[in-house]
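Asks: I would like to see how this sequence folds:
(chains A, B and C)
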Amino acid sequence: MRIALSSLLTLTLLAGMTTAAVPAAAQGNPIKIGAILPLTGSGASYGVWMKGGAEMAAEELNAAGGIAGHKLEIIYEDHAADASKAVTAMRRLVEVEKVPFSLTSYSSISLAIQPIAAQHKVVIMNGGGQSDSLAGKDYLYNNIPVVSNEVGVIAEWLAKDKKLVNVVMIVANDEAGRNSASTFREKFGAVGGKVVAEERVALDATDFRAQLAKLKARGGDLLYISSYGRNVAIIADQARELGIAVPMAGTSWVLVPETFKSKGAEGMLVTKLPFDPNSAFAKKFKEKYNTNAGFFAVQYYSATMIFAKAAQEAMKKHSGALTGEGVKDAIESIRSFDTISGKLVFQANHGAVMDIEAGTLKSGKVEVEKTIKAAP
Amino acid sequence: MTAYLAHFLVMVAIYSILALSLNLLIGYSGIFSLAHAAIYGIGAYSSALAALKLGLGFWGGMVVAASVGAFASALVAIPSLRVAGDYYVVASFGLQVVVLAIFMNWTDLTNGHAGLPGIPRPSLFGWVIDEPYKYVFLAAGFAVATWAICWRLTNSAFGRVLQAIRDDEIAAQAMGKNVVLVKIVIACISSALGAMAGSLYAHYITYINPSSFSLHESIFIATLVILGGSERLSGPIVGAFLLLAIPELLKFMAIPDTIAAPMRQIIYGALLIVFMLVRPEGILGRARHGR
Amino acid sequence: MDLFLQLAATGLVVGSLYVLCAIGWGLIYGTTLHFHVAHGAVFTLAAYYAYAGQKFLHLPLAIAVIGAILAAAISGMLIDLFIYQPLERRGAIRTTLFIASLGLLTLIENVLAIIFTPDPLRMDVGWLADSVQLGPIFLTRLHLVSVGTAIIGFLALMAFLKYSLWGQAIRAVSSSPEMARTVGIDLRRVHLLTYAVGSAISAPAGILLAMDVGAEPYRGTTFVLLASVAVIMGGIGSIPGAALGALFLALLENLGVWKIPSEWQSTISFGIFLIFIVVRPRGFFGRKIQSAEI
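Replies: Numbering: from 1, shown residues only, chains lettered A, B, ... in the order given. Have a look, this model is predicted:
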């Protein structure tokens, strides 16, 4: 009976799989690309921005006739900060859907799927992860500067402008958190600062009191938060609850809606990547998704537009055929793209550079105090 | 398309090995372990590290995996099998949690949350097994070998002692059988096989991280065994087929991903409850009714 | 020293929740011998009942909490009534019951995840979230309430078992079901009662946790397994033992991170447990055990 049941299931499965087979961008067919994003879990608020930005770009492109006459279709996959889910999703996108390109997010995720991208010659573009290890990898492009830029800026600002030189750190125990923390240590040390203590936490934990208590005991003038997503607000609240009175700081990673709403995060010193909340894009986003746009919404909008331009170029060159290799060659030859946040130039290491702003979190907004221009 | 089917078959083969090996414990010895995912993970990490850091190939990695798996299991089995079965359940849970914590936090060794990418594919006499369909043969081969080992074990004198212990442990002890030793041996064999499945997995996906080896995974493997049925050795294999097909079917029903994952778990949970109500004498049922 | 005291205080607060969970589970396990992992689901359900009561029925916090405890007690009873008792009537062995319980735990957790999403849902606790400073120790009022609840819960349970007729019936069944049956005690009724009481005692733990860090669907599994460790350490059949085991675990976990990197927190509890099993399998106060069948 069980054998009959499993045979039946297998047959249904095979039937389903064969009907789902689609040829790559043939005449008139839609162009499919992937998007592996944090749709659920601790980073879900990034996911809302990333998916929204990409969706808006796709809609605009399709309204204007698509890419060289083909409609753009984005297949969204949720990685939920779990690289093995991302690997499975990437395999499916590459082997079943045969996409030439996929958006990706998070450092750990992008690093995990990059070998597959390189092997199958599929371009992946990261608009969010900032780990330094993302630079210089085959078929992986980052339209965001790697973290050492931003961390360097905040380290210098804290040490020189704010005169806060003894720091305790709370670090997310993953690739991004740890990489950013060690970069901070290095850069902060270079400008005369000192990291007195460091504690690691799980990204999806909800109770950080033990680690915070240990950090409190070590003193320091500042608590540096090398973490991101939902737990930043909880860290800030619990820190204040435990009587930690020193200021807190973090890079643009900490700027998620939960942090803006948290009482504990009031007064946090932050750096941020440029984003104009009054731009036409932001207004349209708010209207459509009923939530404020953030930096990452713009990022993924831009990344999708960059793909569109590269794809157009590739198809022109290869008489209508679209492959990952074609997209890669197009990106390399075009190099400089006009985006809604200004000109974006891909560097030799497949990363980008941008201006950085530094300021204080006050009543749900960042009051910018200083802008550091991008060093090319 | 065949690439995806091949992928499905490889996973069925790997899970069959996991289910067959866990069945040695749950079905044949009456020992309920919640740590099989940890063993699976130990196998995967040992093999991957052996390949990445020591340069051993897939085959060497497999040997390392089996040994480390058996050793870890012995560590837990020896103290906890001396006492009641419920103790073993909780102790296995403890092993599962501790092992996962080691994967997550011993970052110098395991790279923690970020995992280990770039694990090499196996090669046989210079012929690299790089495409999914080739891997199907390799994985299926191991599954068949595991099946043969289990068959041999259970149909031997050792197997009869196992059955005696399962049916009436106190009587077996009275007859002079060293019950604890037998249980430890079977736990080690089960773990060696489970660890080998981990090695297969690591060299196939070429990337591993701790989240694939959680408590939920242990529960899933146990579900495979229970639903597949342990009277026949083919049971766990059928269980693997069935339960791996369900998520694939859900995918084709275009259920949003946020619902699909919990939905899968709900189906597994419901199946477990229903099966238990239908077969209350349990998975050892056949033995109770006199085999 | 300040750090030590702070960690000890956090340990006591967390320990309070473990105590409530352990004595409830221990009561059920000691009396029915069911390895009721679905207790974790009841724990989680209690949290969501309280959340839903506040958010959707707009009940004042105290009413929502009381309602949630009652609802949890009923939920526990329904599990026994509709799953465990039918299984026992059909001659189920204990492993079968455990598996069904595991299935139920998985099912309930994931249904909750679909309904409420897997994200933690914060409750409005008003002034309970305010910080309180006791010397070098910082806690919230809610934390103090947790400790108080555990103390009251424990004493209430002990009194109930010792002085009330129902409590004595439970103790009779716990020490010997056969004898109890001979004396005319209706085992099924006592089981239902045990589930009601056990669930009601552990419900506050789930609710307090939700009030502190939010209601989440998957926490119950960890808590119930920790509770079982505490009960085994404390000795099966002993409520004070379970409470002691729970406190011991919590203090060890929190004080352990004083010197050990905090990521290793959970490893500590289980390491201790495994050592304990080797050295003293019957726990602090338990009955002497031979290798019993599962």
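
Asks: quick one: contacts of stretch B:6-13?
Replies: A:13, A:91, A:95, B:131-133, B:135-136, B:139-140, B:142-143, B:200, B:204, B:237, B:240-241, B:244, B:248 (CB atoms under 8 Å, 6 or more residues apart in numbering or on different chains). Where you see a C-beta, it was placed from the backbone N, CA and C, and this is true even at glycine.

Asks: Which of those fall in helices?
Replies: Counted as lying in helices by DSSP state H, out of those, are A:13, A:91, B:132-133, B:135-136, B:139-140, B:142-143, B:200, B:204, B:237, B:240-241, B:244, B:248.

Asks: Generate a ChimeraX selection restricted to the buried subset of those residues.
Replies: Buried subset of the ones in helices among the contacts of stretch B:6-13, written as a ChimeraX selection, criterion 16 or more other CB atoms under 10 Å in any protein chain shown:
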select /A:13,91 /B:132,135,136,139,142,143,200,204,237,240,241,244,248
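
Asks: show me where chain A has helices.
Replies: A:2-19, A:44-63, A:83-91, A:107-120, A:147-156, A:175-190, A:209-217, A:231-241, A:257-261, A:280-289, A:295-317, A:324-334.

Asks: touching chain C at all, the third one?
Replies: Translated: helix A:83-91. No. If you take CB under 8 Å from any CB of the partner chain as the test, helix A:83-91 misses chain C, and the best it gets is 13.7 Å.

Asks: could you pull out the helices for chain B?
Replies: Counting by DSSP H, the helices of chain B are B:2-26, B:36-54, B:58-80, B:85-105, B:107-110, B:132-154, B:157-167, B:169-174, B:179-205, B:215-228, B:234-252, B:257-278, B:285-288.

Asks: Pick the most deeply packed of those.
Replies: The highest mean neighbour count among the helices of chain B, using mean count of other CB atoms under 10 Å in any protein chain shown, belongs to helix B:36-54: a mean of 27.

Asks: Check the model's average confidence along that helix for me.
Replies: Helix B:36-54 carries an average pLDDT of 93.

Asks: and that helix with helix B:85-105, angle?
Replies: Between helix B:36-54 and helix B:85-105, the angle comes out at 30 degrees (axes from the mean of the first three to the mean of the last three CA atoms, to 10 degrees).

Asks: elements contacting helix B:36-54?
Replies: helix B:2-26, helix B:58-80, helix B:85-105, helix B:107-110, strand B:116-117, helix B:179-205, strand B:207-208, helix B:215-228 (3 or more CB pairs under 8 Å, 6 or more residues apart in numbering or on different chains; DSSP states H and E).

Asks: As TSV, those with distance to C:L102 and mean pLDDT would be great.
Replies: Listed next are the helices and strands packed on helix B:36-54 as TSV, based on distance: least, CB to CB, whole Å; pLDDT from 0 to 100:
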stretch	distance to C:L102	mean pLDDT
helix B:2-26	12	88
helix B:58-80	19	86
helix B:85-105	10	85
helix B:107-110	28	86
strand B:116-117	31	82
helix B:179-205	19	90
strand B:207-208	26	87
helix B:215-228	6	88
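
Asks: out of the helices of chain A, nearest to C:L255?
Replies: Closest of the helices of chain A to C:L255 is helix A:209-217, at 9.5 Å (criterion: CB to CB).

Asks: pLDDT of that closest one, averaged?
Replies: On average, helix A:209-217 scores 91.

Asks: Which strands or helices does it pack on?
Replies: strand A:166-172, strand A:194-201, helix A:231-241, helix C:2-32, helix C:239-259.

Asks: Show residues contacting the third one.
Replies: If you take CB under 8 Å, 6+ apart as the criterion, helix A:231-241 is touched by A:42, A:170, A:172, A:201, A:203-209, A:212, A:223, A:225, A:227, A:248, A:250, A:253-254, A:256, A:258-259, A:261-265, A:268, C:129, C:131, C:138, C:140, C:213.

Asks: Next step: these restricted to strands.
Replies: Among the contacts of helix A:231-241, the members found in strands (DSSP state E) are A:170, A:172, A:201, A:223, A:225, A:248, A:250, C:131, C:138, C:140.

Asks: Show me the one of the helices of chain B that comes nearest A:A348.
Replies: helix B:36-54 (28.3 Å).

Asks: Measure how far the closest one is from the centre of its chain, please.
Replies: Centroid separation between helix B:36-54 and its chain, computed with CA atoms, centre = their mean, to the nearest Å, is 13 Å.

Asks: what do you get for stretch C:68-81?
Replies: 14 Å.

Asks: Average pLDDT for the helix or strand hosting C:I66, rounded please.
Replies: Per DSSP states H and E, C:I66 falls inside helix C:61-79. Averaging pLDDT along helix C:61-79 gives 96.

Asks: Who are the packing partners of that helix?
Replies: helix C:39-55, helix C:187-213.

Asks: how far away is the closest residue to A:S262 other than its chain neighbours from chain C?
Replies: Take A:S262 and drop its neighbours on the chain: the residue closest to it by CB to CB, 6 or more residues apart in numbering or on different chains is A:A233, 3.8 Å away. Distance of A:A233 to chain C, computed by CB to the nearest CB, to the nearest Å: 10 Å.
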